[in-house]
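J.: sequence plus the predicted model coming up.
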Amino acid sequence: MVKITKPVCKICRRNGEKLYLKGRRCESDKCPLDPRKQRKGIVATKTSEYGLQLREKNKVKSYYGVLERQFRKYFSTAKKTKGVTGEVLLRLLECRLDNVVYKLNWAFSRRMARQAISHGHIFVNGKRVNRSSYQVKIGDEISVGDNSRFLEIAKNARETGRTTPVPAWLEVYEDEMRAKVVRYPTREEVSIPVDEHLIINFYSK
């Protein structure tokens, strides 16, 4: 499991936007990026083209919780896959199991989702999966173990936690902690504000 050792709020401040790395705190008034708490009189500094590309890459890495080596593998796979490289890259990241669990509102953050997966609480097609990087496919059914200690936490997160709607590419069975991948996500359904072309240019040098 990837462990981010840096203060996550500092990562959001550096990028100047919420990346929702700290779960419920990011949706509360305690978030340092709350518009009412923004400092005035900050002088904008000019950033080079390379700096912009590096910032976009690091932003996406932090958002999905992957390391540099993993991210390079995703880019290499996207480059070899038919389609627009940037869109394929984001699709691969969106289809990570930890991101899917988070998008289903079963966890307050991706870090919480990764912990649940590594502890064996998440099942895909009835089989236990403990790899956060597992790539879900069309037709896969994701569920929480019936006797799992994570079951009540996931129900609480779904009912009282995040208010973000579940994306249309995931079909949720309301009466049980189960969902199905009905299709792959489109570029418009990727919630992170990112210019993937800058990332492509960064690795194309």
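T.: That came through fine.
J.: only C-alpha atoms for contact and neighbour calcs from this point on.
T.: Will do.
J.: okay, now the domains of the chain?
T.: Following automatic domain parsing, the chain resolves into domains at 1-37, 49-91+192-205, 96-183.
J.: isn't Tyr74 right up against Glu87?
T.: No: judged on C-alpha atoms under 8 Å, Tyr74 makes no contact with Glu87 at a distance of 11.7 Å.
J.: check which helix or strand Tyr74 maps to.
T.: Using DSSP states H and E, Tyr74 sits within helix 68-80.
J.: report the buried residues of that helix.
T.: Phe71, Tyr74, Phe75, Ala78, Lys79 (16 or more other C-alpha atoms under 10 Å).
J.: ok, and the closest non-adjacent residue to the first one?
T.: The shortest distance from Phe71 to any residue other than its chain neighbours is 7.0 Å, reached at Lys61 (C-alpha to C-alpha, 6 or more residues apart in numbering).
J.: so which residues of this structure form helices?
T.: If DSSP state H is used as the criterion, the helices of the chain fall at 8-15, 49-64, 68-80, 85-94, 97-103, 110-118, 150-160, 196-203.
J.: any chance of those in CSV, plus distance to Ser143?
T.: CSV is the format used below for the helices of the chain (distance: least, C-alpha to C-alpha, whole Å):
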stretch, distance to Ser143
helix 8-15, 28
helix 49-64, 21
helix 68-80, 25
helix 85-94, 18
helix 97-103, 9
helix 110-118, 11
helix 150-160, 10
helix 196-203, 31
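J.: can you redo these as a markdown table with distance to Val144 and mean pLDDT?
T.: As requested, the helices of the chain are exported to a markdown table (distance: least, C-alpha to C-alpha, whole Å; pLDDT from 0 to 100):
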| stretch | distance to Val144 | mean pLDDT |
| --- | --- | --- |
| helix 8-15 | 27 | 58 |
| helix 49-64 | 21 | 91 |
| helix 68-80 | 26 | 95 |
| helix 85-94 | 19 | 96 |
| helix 97-103 | 10 | 95 |
| helix 110-118 | 9 | 93 |
| helix 150-160 | 6 | 88 |
| helix 196-203 | 33 | 93 |
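J.: hey, which of those helices is tucked in deepest?
T.: Most buried of the helices of the chain, by mean neighbour count (mean count of other C-alpha atoms under 10 Å): helix 97-103, with a mean of 25.
J.: sorry, back to before: minimum distance to Leu170: which of the helices of the chain has it?
T.: With C-alpha to C-alpha as the criterion, Leu170 lies closest to helix 97-103 of these, at 8.5 Å.
J.: for that closest one, output the C-alpha coordinates as PDB.
T.: Taking C-alpha atoms only, helix 97-103 is exported to PDB below (Å, rounded to 0.1, in the frame of the first residue of the first chain):
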ATOM      1  CA  LEU A  97      -9.900  -0.600  -7.100                       C
ATOM      2  CA  ASP A  98      -9.100   1.900  -4.300                       C
ATOM      3  CA  ASN A  99     -10.500   4.700  -6.400                       C
ATOM      4  CA  VAL A 100     -13.700   2.700  -7.200                       C
ATOM      5  CA  VAL A 101     -14.300   2.000  -3.500                       C
ATOM      6  CA  TYR A 102     -13.900   5.700  -2.800                       C
ATOM      7  CA  LYS A 103     -16.200   6.700  -5.700                       C
END
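J.: that helix packs against which elements?
T.: The elements that helix 97-103 packs onto, with contact taken as 3 or more C-alpha pairs under 8 Å, 6 or more residues apart in numbering; DSSP states H and E, are helix 110-118.
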